[in-house]
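Engineer: Quick one, structure for this:
(one chain, ligands or ions: 1)
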Amino acid sequence: MEETRIRIAGFTPESIVDGIGLRFTVFVQGCPHRCEGCHNPQTHPAGGGRLYTAEEILEKIERNPLLSGVTLSGGEPFAQAAALLPLARGVRERGLHLCAYSGYTFEELLTLGEPVRSLLEECQVLIDGPFLLAQRTLEKRFAGSRNQRILDVSASLAAGEPVLMEGWQTPA
Ligand code: SF4
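Structural biologist: Sure, this is the predicted structure:
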């Protein structure tokens with residue numbers, strides 16, 4: 001079977017602003033949220049960007065032994081959940097930490113069924129919710145607006161409600 005390809009806006013091979021540690025950030029192409037004041041409007045068209053297989057992206061990640069994790073950003077990663085699943089599984093199989101941003105809230109993602117649920121289960125941290133211009137802040141770690149939460153995915157799934165990720169919150 002031909003591998004489903006992922007539509008990608010771009011990569012940041014070494015990032016320290018998309019989660020804790022040195023991370024490879026994958027900016028997926030396509031976003032339905034259209035938040036006012038979005039910093040990545042070039043990622044909005046669903047048909048833009050370039051197509052990659054999960055293997056092609058994993059090869060890029062493997063080239064850097066200093067990476068501690070991978071972050072899925074965008075764009076809206078969960079709009080390409082099926083295509084991203086093999087990448088997410090490959091990242092975890094390589095012992096790397098996986099974090100994802102989403103313009104959907106955790107509660108909204110739970111209503112979307114498969115394959116969104118499976119992709120969520122592969123992620124250890126979720127930074128959720130749309131960018132809200134009225135709540136914009138430069139002071140919140142890893143987030144652009146105050147409504148966005150940094151969640152411990154497995155604890156949130158077990159509790160059935162959002163649980164904040166320890167160690168990732170903005171120091172008081
Ligand atoms: S979810 Fe992110 S990429 Fe999409 S419009 Fe909002 S800020 Fe931009």
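Engineer: Now the element after the strand ranked longest in the chain, going C-ward?
Structural biologist: Among the segments of the chain that qualify as a strand by DSSP state E, the longest is strand 6-15. Past strand 6-15, heading to the C-terminal end, the next element that is a helix or strand (DSSP states H and E) is strand 23-28.
Engineer: On the pLDDT front, check the residue most central in space within the chain for me.
Structural biologist: Closest to where the C-alpha atoms of the chain average out (C-alpha atoms, centre = their mean) is residue 100, at 2.1 Å. With respect to pLDDT, residue 100 scores 98.
Engineer: count of residues packed around the closest residue to it other than its chain neighbours?
Structural biologist: With sequence-adjacent residues excluded and distances taken as C-beta to C-beta, 6 or more residues apart in numbering, residue 100 is closest to residue 72, at 4.1 Å. Quick note: C-beta positions are derived from backbone N, CA and C, even for glycine. The number of residues packed around residue 72, counting by other C-beta atoms under 10 Å, is 28.
Engineer: Same question for residue 113.
Structural biologist: A count of neighbours around residue 113, defined by other C-beta under 10 Å, yields 10.
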